[in-house]
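J.: Have a look at this fold, sequence not included:
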């Protein structure tokens, strides 16, 4: 069984837009450390089957504040309903070590402009980043572009305004509300992105950083616009916050899309051990490994995070979905085993 950290709930508070904020403390004897922008992967046992869910940490590691996440209620979402209605103060949840590459590493003496684009509950990792940036880089300027339906649906609205008040010379918030009658204040578009960046870019454009967290189309819009403005891919980071609560393999259309219906052998190298699998065309590498009780690292199971990212050194892997690996990483053989299928016998993968 994968090693987990027991976390005791010390706060459970309902917030805007059907979100609940849950705060934790490690159970005595356990310690946990994290970087701004990372997430926690919680492990639940439902009907003797392990289910994992990822939730971004919105607390900051540079502040003396409890470890905190926000969970949005998802229709037909078994786990989100459980966290909203079935747990409370004193209950203990089990989490894996914090993970994720959507991180912020402060450089105290650097002067740069950091643009944060968030939509809805995508504010959670961004909130952690902005607090860390403001407190550790005393010269940098932070610009938050935050999209929601309305003020009443805006998570952390009062808290963010207080941070802006306290750091008014270095922190600006641009709110976009889709219910607004003023179209310029309603939705993000490429023209609005250009206007915001040109207006608020204070230091060398080569030092600027851009963090985007929201629906896929939202982040694609940000990335395409910023690239067209001449910013490098290395300056643009993204984190997908929406992960399906119940990913069903039963409606997988792989058989209709893929003509290759062979079973291929796979060799996995993980933590000094070698595992051999036979993976049929309709199953994914991670799925097959878990069925054989091989506890590999994973989180979303949907190609939307980097927890299971590995390197294919022989053979080949076809992925049903990939939202995190760049073209450069793909060229280097990086793959996601949660959505990956082998395409040749003796496909060898180094996990991690």
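T.: Everything's here; your move. These numbers were taken from a predicted model, which means no experiment stands behind them.

J.: And the residue nearest the centre of the chain, how far from residue 50?
T.: Centroid-nearest residue in the chain, with Cα atoms, centre = their mean: residue 239, separated by 4.3 Å. As judged by Cβ to Cβ, to the nearest Å, residue 239 and residue 50 stand 24 Å apart. (Each C-beta comes from the backbone N, C-alpha and C, glycine too.)

J.: Equivalent analysis for residue 331, please.
T.: From residue 331 to residue 50 the distance is 33 Å (Cβ to Cβ).

J.: ok so, going back, look up the closest residue to the residue nearest to the centre of the chain, ignoring the ones flanking it.
T.: residue 102 (3.7 Å; Cβ to Cβ, 6 or more residues apart in numbering).

J.: Tell me if I'm right that the one you found and residue 212 touch.
T.: No - shown here, residue 102 and residue 212 do not form a contact pair, counting by Cβ atoms under 8 Å, at 9.3 Å.

J.: Give the residues shared as contacts by those two.
T.: 237, 238, 239 (Cβ atoms under 8 Å, 6 or more residues apart in numbering).

J.: got those as a markdown table, with distance to residue 311, secondary structure and pLDDT columns?
T.: Shown next, in a markdown table, are the shared contacts of residue 102 and residue 212 (distance: Cβ to Cβ, whole Å; DSSP: H, G, I helix; E, B strand; the rest coil; pLDDT from 0 to 100):
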| residue | distance to residue 311 | secondary structure | pLDDT |
| --- | --- | --- | --- |
| 237 | 21 | strand | 93 |
| 238 | 21 | strand | 89 |
| 239 | 22 | strand | 84 |
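
J.: and the residue of the chain most remote from its centre, what are its phi and psi?
T.: Residue farthest from the centre of the chain, counting by Cα atoms, centre = their mean, is residue 262 at 33.3 Å. Dihedral angles of residue 262 (phi, psi; degrees, to the nearest 10) stand at phi -80, psi 160.

J.: I'd guessed it sits against residue 279; true?
T.: No - with contact defined as Cβ under 8 Å, residue 262 does not count as touching residue 279 (9.7 Å).

J.: Show the residue spans covered by the helices in the stretch 151-300 of the chain.
T.: 157-166, 190-200, 216-228, 254-257, 285-291 (DSSP state H, counting those that start in this stretch).

J.: ok so, going back, what pLDDT is listed against the closest residue to the residue farthest from the centre of the chain other than its chain neighbours?
T.: Take residue 262 and drop its neighbours on the chain: the residue closest to it by Cβ to Cβ, 6+ apart is residue 281, 6.1 Å away. On pLDDT, residue 281 comes in at 89.

J.: Kindly report the same for residue 257.
T.: The model reports residue 257 with a pLDDT of 48.

J.: Kindly report the same for the one 5 residues further on.
T.: Note for residue 262: predicted pLDDT of 91.

J.: and if you look at residue 241?
T.: Residue-level pLDDT assigned to residue 241 equals 55.
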